[in-house]
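Trainee: starting from these lines, generate the structure:
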Amino acid sequence: MKLKLLTAALCLSAFGAVTTHASAATLDDTKARGTVRCGVNTGLPGFGFQNDQGQWAGLDVDYCKAIAAAIFNDPSKVVYSPLSAVQRFPALQNSEVDVLARNTTWTMSRDTSLGLKFVGVNYYDGQGFMVRKELNVNSALQLSGATVCVQSGTTTELNLADYFAANNMQYNPVVIEAQSDVNSAYDSGRCDVLTTDQSGLYASRLELGTPDDHVVLPEIISKEPLGPAVRQGDDQWFNVVKWTHFALLNAEELGVTQANVEEMKNSANPEIRRLLGVEGTFGADAGLSNDFVVNIVKAVGNYGELFERNVGTGSPLGIARGQNALWTKGGLQYAPPIR
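Mentor: Residues are numbered from 1 along each chain as shown. Take a look at the predicted model:
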């Protein structure tokens, strides 16, 4: 009798696992719906914001477009959900969005206690500080006793506390939920210092009344590997979003651009032929078309083009590639091969 009960329990457990996996078929749901639901920032220039024409733009937004291009060969098939730092994780956990592409830091607790899976790092960042030039402050170590504006519900808030405690300094936090309100509080003089990811500081400075009156201090006080995240429990969808990211990096490394992608399909290089679906069934094996990378690059370009357009030296933010250069150029960006 005990053996029969154990066998029945094992069968129910196995059935439950299969049912859970089937109910998490995000790719099938996305195809049936006809759109990718993408959680983005409420407004961070260079990463996720609405431009003067009311169109969504930015590095993270281009990742949403790349996913749509991989699935539908149409980068416009995205429904954008602007989310605050507090809203972003519940929206993904509750299936209100399919992917979170919102300058979000990959941490252990978010992998474990929040049940998320980060697909990779699309921007290596670190937390910094911005102050008014008139304060004549050259280092964050001179900020003891300062009033600091910081966004709530972020690793930024925790890093701030750690940094001041580690350096035996005091500070007065002004904690606000929306980053736009944080920026306004700093711009109005409510606080001496603005802290967030350094990329965000360059973006926030553009929105200040007199941007040239402010300086970003040299210290980086944290590791902030930013990247898209999906829910745990759906490996197929995880692979689709992950290999969209890797496709952008591999395309740059192999010299495949938005301008030459059609021509590159005639390349004799086996790596390029596999990347572009001329050889193999790599796309089909992931639930996509074999030429999904061609569709991605046509839509948004490769990673380097995407970076330069949104946040690079040719953009209003003017950020150098730095750690976000390819590994072949001394940076950290590296993708596994398609083979």
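Trainee: report whether residue 124 is found in a helix, as I expect.
Mentor: No: counting by DSSP: H, G, I helix; E, B strand; the rest coil, residue 124 is not found in a helix; it is strand.
Trainee: right, and it touches residue 220 too?
Mentor: No: under the criterion of Cβ atoms under 8 Å, residue 124 makes no contact with residue 220, lying 10.5 Å away. Bear in mind the C-beta positions are built from the backbone N, C-alpha and C, glycine included.
Trainee: which one's more surrounded, these two?
Mentor: residue 124 (18 against 15; other Cβ atoms under 10 Å).
Trainee: pull up the gap between that one and residue 106, please.
Mentor: Computed as Cβ to Cβ, to the nearest Å, the residue 124 to residue 106 distance reads 10 Å.
Trainee: joint contacts of those two?
Mentor: 225, 226 (Cβ atoms under 8 Å, 6 or more residues apart in numbering).
Trainee: how about the contacts made by the spatially most central residue of the chain?
Mentor: Taking Cα atoms, centre = their mean, the centroid of the chain lies closest to residue 227, which sits 3.2 Å from it. Contact analysis of residue 227 by Cβ under 8 Å, 6+ apart lists 104, 106, 118, 119, 120, 121, 122, 123, 245.
Trainee: do the same with residue 242
Mentor: 119, 120.
Trainee: which strand or helix spans it?
Mentor: Residue 242 is part of helix 235-253 when elements are defined by DSSP states H and E.
Trainee: which helix or strand lies directly C-terminal to that helix?
Mentor: Per DSSP H and E, the first helix or strand lying C-terminal to helix 235-253 is helix 261-264.
Trainee: can you tell me what sits against that following helix?
Mentor: Applying Cβ under 8 Å, 6+ apart, the contact partners of helix 261-264 are 251, 254, 255, 256, 272, 276, 294, 297, 298.
Trainee: so when I look at the last one, I'm seeing a helix, right?
Mentor: Yes: Residue 298: assigned to a helix according to three-state DSSP.
Trainee: excluding residues flanking it in the chain, which one is nearest it?
Mentor: residue 261 (5.9 Å; Cβ to Cβ, 6 or more residues apart in numbering).
Trainee: what are the phi and psi angles of residue 317?
Mentor: The phi/psi pair for residue 317 (degrees, to the nearest 10) reads phi -70, psi -30.
Trainee: what residues are up against it?
Mentor: Residue 317 makes contact with 45, 46, 199, 202, 203, 206, 310, 311 under the criterion Cβ under 8 Å, 6+ apart.
Trainee: just the buried members of the residues you listed?
Mentor: Buried by 16 or more other Cβ atoms under 10 Å: 45, 46, 199, 202, 203, 310, 311, out of the contacts of residue 317.
Trainee: strands of the protein, start to end?
Mentor: With DSSP state E as the criterion, the chain has strands at 36-41, 49-50, 56-57, 78-83, 99-100, 116-118, 123-125, 127-132, 146-151, 171-176, 193-197, 214-216, 224-226, 229-231.
Trainee: export these as JSON lines, with columns for distance to residue 334 and mean pLDDT.
Mentor: Listed next are the strands of the chain as JSON lines, based on distance: least, Cβ to Cβ, whole Å; pLDDT from 0 to 100:
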{"stretch": "strand 36-41", "distance to residue 334": "25", "mean pLDDT": "98"}
{"stretch": "strand 49-50", "distance to residue 334": "28", "mean pLDDT": "96"}
{"stretch": "strand 56-57", "distance to residue 334": "27", "mean pLDDT": "98"}
{"stretch": "strand 78-83", "distance to residue 334": "27", "mean pLDDT": "98"}
{"stretch": "strand 99-100", "distance to residue 334": "22", "mean pLDDT": "98"}
{"stretch": "strand 116-118", "distance to residue 334": "15", "mean pLDDT": "97"}
{"stretch": "strand 123-125", "distance to residue 334": "11", "mean pLDDT": "97"}
{"stretch": "strand 127-132", "distance to residue 334": "23", "mean pLDDT": "97"}
{"stretch": "strand 146-151", "distance to residue 334": "30", "mean pLDDT": "96"}
{"stretch": "strand 171-176", "distance to residue 334": "36", "mean pLDDT": "96"}
{"stretch": "strand 193-197", "distance to residue 334": "21", "mean pLDDT": "96"}
{"stretch": "strand 214-216", "distance to residue 334": "27", "mean pLDDT": "94"}
{"stretch": "strand 224-226", "distance to residue 334": "13", "mean pLDDT": "95"}
{"stretch": "strand 229-231", "distance to residue 334": "19", "mean pLDDT": "98"}
